[in-house]
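[1] Show me the folded form of this:
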Amino acid sequence: MSRSPFPRSRFLAALGTAALFGLAACGSGGSAASTSGDDLLRVGFSQLGAESGWRTANTESVKASLTEEAGFDLNFVDAQQKQENQIKALRDFVAQDVDVIAFSPVIETGWDEVLQEIKDAGIPVVLVDRTVETTVEDPYVTWIGADFEQEGTTAGEWVKENAPDAKVFELQGTLGSGAQVDREEGFNAVVGDQVIGKASGNFTRAEGKTAVEAALQAYPETDLIFSHNDDMGLGAIEAIEAAGKKPGEDIKIVTVDGVRDGLQALVDKKFNYVVECNPVFGDQLAELIEDVAAGEEVPKETIVVDQAFDQTITQADVDARPY
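    Residues are numbered from 1 along each chain as shown. Okay, here's the model as predicted:
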């Protein structure tokens, strides 16, 4: 099986220098950086959806960087969190003979056929944010995103130090997605013995609320929630308050993302700890795509730097956030 080169604890897809050059150099029409008549670099980007504040910020960053003024002809498609929509978009990009395809896969598996079609068409692929598992050999040139497993580990370490006896309900993201799989793996490696129940909120606020409503009935002893993203954590706040309890006190909440609404909940003492997953890396993605199209050597992975925040964060810190 081939997977994005991250995280290191899982199977690594070996992308040698020769493979990098081979994929990057065989752009459409046989040119390393063939462009449209107006010299723009044609990029097909399939975003998995708009399920969260994080995803919206990431989309805005990508669109702000891959502009005509910067030399790109961007075809952006929102897959609305459906793999079938994303596969259709990728096939459309092949039919359009774009120079580079970039996409954030909604889940990890089920890409073999379309990735083989893209490879056969000689179009280099850049994976963004999330990861894939595939039997296709050398299916992509490079990957850029956050260290999801480390995010889960960081959250787990805070729980281990600050709430070692907590009974944890884990609010999972979209099942089978790289973010869900790796955050769960990192967190459970540290404090898995404290997790008493799990359910998916599909990375959305509404489904996070519903999952926590059910969890409070099924696991009334829950006194800490680990949410795979801020939006689900915000839904958890609503469910906890509706149950007559105080989020951040009666039930602590640890989340991942670091969007403004999430950090505001931290300032308001309703979240207890937030591990950042920085969505603003459109400029780095643009540089990678340019290098890939030009046939230049690129790193196998680019990890976006994250921070973590506790309740010492100030309102000024939140107001200064770009997303």
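[2] Tell me who's in contact with the closest residue to Q315 other than its chain neighbours.
    Closest residue to Q315 apart from its sequence neighbours, by CB to CB, 6 or more residues apart in numbering: V267 at 5.5 Å. C-beta coordinates here come from the backbone N, C-alpha and C atoms, glycine included. If you count contacts by CB atoms under 8 Å, 6 or more residues apart in numbering, V267 has them with 311, 313-315, 317-318.
[3] Drop anything exposed from those.
    Among the contacts of V267, those classed as buried by 16 or more other CB atoms under 10 Å are 313, 318.
[4] circling back to that earlier point, and the residue nearest to Q315, its phi and psi?
    phi -60, psi -40 (degrees, to the nearest 10).
[5] What pLDDT is listed against it?
    According to the predicted model, the pLDDT of V267 comes to 98.
[6] low-confidence ranges in the stretch 1-150 of the chain?
    Scanning the stretch 1-150 of the chain for pLDDT under 70 picks out the ranges 1-38.
[7] just the strands in it please.
    Under the criterion DSSP state E, counting those that start in this stretch, the stretch 1-150 of the chain carries strands at the ranges 2-3, 41-47, 72-78, 100-103, 125-128, 133-134, 142-145.
[8] Over to the stretch 151-300 of the chain?
    Taking DSSP E, counting those that start in this stretch as the criterion, the stretch 151-300 of the chain contains strands spanning 168-172, 195-200, 224-227, 252-257, 273-276.
[9] Between strand 168-172 and the fourth one, find me the angle.
    Following axes from the mean of the first three to the mean of the last three CA atoms, to 10 degrees, one obtains 30 degrees for the angle between strand 252-257 and strand 168-172.
[10] Listing partners with orientation, what would you give for strand 252-257?
    Looking at strand 252-257 with DSSP bridges, its partner strands are strand 224-227 (parallel), strand 273-276 (parallel).
[11] out of those strands, deepest packed?
    Stretch with highest mean neighbour count among the strands paired with strand 252-257: strand 224-227 (a mean of 28; mean count of other CB atoms under 10 Å).
[12] Let me see the contact set for the residue nearest to A243 when sequence neighbours are not counted.
    Using CB to CB, 6+ apart and skipping the chain neighbours, the partner closest in space to A243 is L216 (5.2 Å). Residues near L216 by CB under 8 Å, 6+ apart: 222, 239-240, 243.
[13] From G248, how far out is L216?
    15 Å (CB to CB, to the nearest Å).
[14] Please apply the same query to S227.
    Distance, S227 to G248, using CB to CB: 13 Å.
[15] same thing with E151?
    In this view, E151 and G248 are 20 Å apart by CB to CB.
[16] More neighbours: which of these two?
    A count of neighbours by other CB atoms under 10 Å puts E151 above the other of E151 and G248, at 24 against 17.
[17] Does that one touch V256 like I think?
    Yes: judged on CB atoms under 8 Å, E151 makes contact with V256 at a distance of 5.0 Å.
[18] anything in contact with each of those two?
    Common neighbours of E151 and V256 (criterion: CB under 8 Å, 6+ apart): 183, 275, 277.
[19] Least confident of these?
    C277 (95).
[20] Quick one: closest of the strands of the stretch 151-300 of the chain to L74.
    When those are compared by CB to CB, strand 252-257 sits nearest L74, at 24.8 Å.
[21] what's the spacing between that closest one and its chain's center?
    Here the centre of strand 252-257 is set off from its chain's centre by 16 Å, with CA atoms, centre = their mean, to the nearest Å.
[22] Keeping just the C-alphas, turn that strand into CSV.
    Taking Å, rounded to 0.1, in the frame of the first residue of the first chain, the C-alpha atoms of strand 252-257 are listed here in CSV:
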residue,chain,number,x,y,z
LYS,A,252,-13.5,19.9,30.1
ILE,A,253,-13.1,20.2,26.3
VAL,A,254,-9.9,19.7,24.3
THR,A,255,-10.0,20.4,20.6
VAL,A,256,-7.9,20.7,17.4
ASP,A,257,-7.9,23.5,14.9
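[23] who touches that strand?
    Residues from elsewhere that reach strand 252-257, judged by CB under 8 Å, 6+ apart: 52-54, 151-152, 155, 158-159, 163, 166, 183, 223-233, 236-237, 247, 262, 265, 270-277.
[24] can you do 7 Å?
    When contacts are defined by CB atoms under 7 Å, 6 or more residues apart in numbering, strand 252-257 is touched by residues 54, 151, 155, 158-159, 163, 166, 183, 223-230, 233, 236, 247, 262, 270-275, 277.
[25] E149 and E185 touch, don't they?
    Yes: with contact defined as CB atoms under 7 Å, E149 and E185 form a contacting pair (5.7 Å).
[26] of these two, who's got more company?
    E149 (23 against 17).
[27] Could you find the closest non-adjacent residue to A206?
    Using CB to CB, 6+ apart, the closest residue to A206 is G235 (6.3 Å).
[28] For the one you found, give its distance to T210.
    According to CB to CB, G235 stands 8 Å off from T210.
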